[in-house]
Each structure stands twice: as C-alpha cells, then as structure tokens.
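# Got a predicted structure here, sequence first:
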Amino acid sequence: MLKKLLITGAAGGLGRAMRTRLGGVAETLRLADIVPVEDPGPTEEVVTCDLADAAAVRAMVAGCDGIVHFGGKSVEGDFGTILNANILGLYNLYEAARAEGVGRVLFASSNHTIGFYRQDEWLKTTDPMRPDGLYGVSKCFGEALASMYHDKFGIETAIVRIGSCFEEPANHRMLATWMSFDDCAALIGCVFRAPRLGCPVIWGVSDNDQKWWDTASAAAIGWRPQDNSERFRAALDARMERPAKDHPNAVYQGGMFTQEPIHGA
Ligand code: NAI
Ligand code: 15L
C-alpha cells in the first residue's frame, strides 16, 4: 500500500468520485485543486494549488509516493487556459515528481487525442493520434511528456485515455466510451499495485458491448473492467433520439468536440 497518494483535480467530478473509492490504495490521500477541496476526512489532507505555479506544485508533490493526475482543463477552451493548466501544469508536475523522487503517476489522458477517427474504425494504442481540438492536443503533449520522463528518468506512468467517466452514459455515443467509477477505481488500484508498470497507454473504458478500442494493454497490469454500458441503452432510447447517421456524435469517436471552434481566436 502507498503511504501517501496525491490526487490533483480532487474537487472535480472524477476526483470526488475516486476519493471515496481509494481507501485500499494508500494510507493517506493528499487532495489538491485550484479551488478548495471540501470536508477532508481523517485520512485526507487538502492542498490548494494552481498547477501553473511551479513552487506550489513542488510543495504539493513533496512527501507523496504516487500521483493520480486529474487536474486541469477537462474540456475544450481558450489556448491560454489550456497552456497554463494542461501544458505548463503537467511540466511542473513531472519536474516536481523528478525532484521529489516520485516514481509512479497515473495521467488522465483522453479519447480526444484520437477524436477525429470515425466510429467504424477499430483502434490500437499504437495508432497515430488524431486530436479533435486544443484540449486533445494538450493531452497528446501530456502523453509525449510522460513517455520522455519514463525513458529519460525512469518515472513510470499509466497513460489512461479515458472515454467518458460519469455515473452513467449521457448519450448514445457514450455507450461506447463509458467507464464506470468502480472500473476507474479498480484501474487506479492495479496501476499502483503492479510490480512493474513502465509507461503503457491504456484505454479507460468499461467492458461495453459497443467498443472502438483494443483494451489488451490493460490486462498486462491485471485490470479487467467489470461494468457494461448496455444496461443503460433502453433508458437512453426512451429519453432521447439516437443521433442521425451524419451527426458528429454518430460519426466521430470524439463526437461534438470535433465541431468546437478555436476558442478566443
Ligand atoms: P473536472 O473538470 O470535473 O475536474 C478537473 C479539476 O481540475 C477541477 O476541479 C478544476 O478546479 C481543476 N483544475 C483546473 N485547472 C487547474 C489548475 N490550473 N490548477 C489546479 N487545478 C486545476 O474534470 P473530470 O471530469 O473530473 O476529469 C478529470 C481528468 O480526467 C481531467 O484531466 C480530464 O481531462 C480527464 N478526463 C476526464 C474524462 C471524463 O469523462 N470525466 C474523460 C477524459 C479525460
Ligand atoms: C473528456 O475528455 C472530458 O474531460 C469529459 O468531460 C467528456 O467530455 C469526455 O471526454 C467525453 O468524450 O465524453
């Protein structure tokens, strides 16, 4: 078990959902965000930190033996925001990990690194990236940065290309991209328990009937997702129309992100 696991972006959706599910992974959770994290429990510490502030990031990382990196801009946005939170922020995080001797990270990458592939294409983690916006490009940068810190300094990272990790799929596209909170927590456990991790790219998706991604790389660290979005299909059909054949949510793996403008340009 880890002594102290840092979770960045702990006030966000995934941070809040994982916080209650990671008791078996670390003795203490250090919960960090740019906004205050509410109600720390007896085995939790809270830190308020802007990822763009290198000195603050170093202090946030000090004393931890693992990092789950959820912090940053999580959707499309203007380049300045993405630059500070996702590009400078990630560089600061890896530099702090190197300086403080933290050997293992889970980096929350995204399906928007490959969002311009069509939904009838089957992808392996080795297929070329096709980001669908500046947010996706920042996650491509993050994947490259993680790979460099592994090759140069031996810091291991699970690069998890998360599909859609929410309580339940919000639309028909997410039947293929959904990852349950429980599968996500199990994945985090496998990442920090694996004797050797390396720097694998892993599709963060449940065992859905509808799939676009080859999830073989996850089995190497013992992760076998248990949930399946199919149980939500009937309720989704009752709640909303399926997207038309030429709608971005039915054409592209990245769905509507492919239609976003360059914000602030
Ligand atoms: P979220 O937007 O709910 O949480 C992100 C957190 O990061 C927020 O609490 C925010 O305050 C914090 N943050 C933003 N800028 C910051 C900065 N400069 N310094 C420090 N903290 C900052 O996002 P969510 O859904 O919890 O996602 C977590 C991570 O997983 C994100 O990196 C996102 O890109 C990634 N991801 C999530 C997916 C999902 O379906 N939830 C899908 C693919 C990737
Ligand atoms: C992401 O990368 C976002 O962080 C999340 O909010 C969802 O939009 C998800 O992708 C998705 O593609 O459904």
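Received the coordinates, thanks. Ligands and ions are numbered 1, 2, ... in the order given.
# for this protein, what helix or strand is lowest in average pLDDT?
Each helix and strand of the chain was given a mean pLDDT (mean pLDDT, DSSP states H and E); the minimum falls on helix 216-219 at a mean of 86.
# Check which helices and strands that helix sits against.
Helices and strands touching helix 216-219, as assessed by 3 or more CB pairs under 8 Å, 6 or more residues apart in numbering; DSSP states H and E, comprise strand 201-204. Heads up, the C-betas are built off the backbone N, CA and C, glycines and all.
# any bit of the strand it packs on sitting next to ligand 1?
No: if you take CB under 6 Å from any ligand atom as the test, strand 201-204 misses ligand 1, and the best it gets is 7.1 Å.
# quick one: that strand near ligand 2?
No: between strand 201-204 and ligand 2, judged by CB under 6 Å from any ligand atom, nothing touches; the nearest distance is 9.8 Å.
# residues in contact with that strand?
Residues outside strand 201-204 that contact it (CB atoms under 8 Å, 6 or more residues apart in numbering) are 108-109, 125, 143, 158-163, 165, 179, 184, 187, 213-215, 217-218, 221, 223.
# Could I get the average pLDDT for the helix or strand where R233 lies?
Under the criterion of DSSP states H and E, R233 resides in helix 233-239. For helix 233-239, the mean pLDDT works out to 98.
# tell me which residues of it are tucked away?
Within helix 233-239, the residues that qualify as buried are 233, 236, counting by 16 or more other CB atoms under 10 Å.
# what does stretch 60-67 give?
Judged by neighbour count (16+ other CB under 10 Å), stretch 60-67 contains these buried residues: 60-61, 64-67.
# again, but for stretch 185-193
Of all the residues in stretch 185-193, those buried under the rule 16+ other CB under 10 Å are 185-192.
# What's opposite the residue nearest the centre of the chain in the beta bridge?
Using CA atoms, centre = their mean, the residue of the chain that lies closest to the mean C-alpha position is A108, 2.1 Å off. Assessed by DSSP bridges, A108 has beta-bridge partners V160.
# What are the neighbouring residues in contact with the residue nearest to Y117 when sequence neighbours are not counted?
Spatially, and ignoring its direct neighbours in sequence, Y117 is nearest to Q253 (4.9 Å; CB to CB, 6 or more residues apart in numbering). Taking CB under 8 Å, 6+ apart as the criterion, Q253 is in contact with 111, 114-119, 121, 123, 176-177, 212.
# Appreciated, that's everything.
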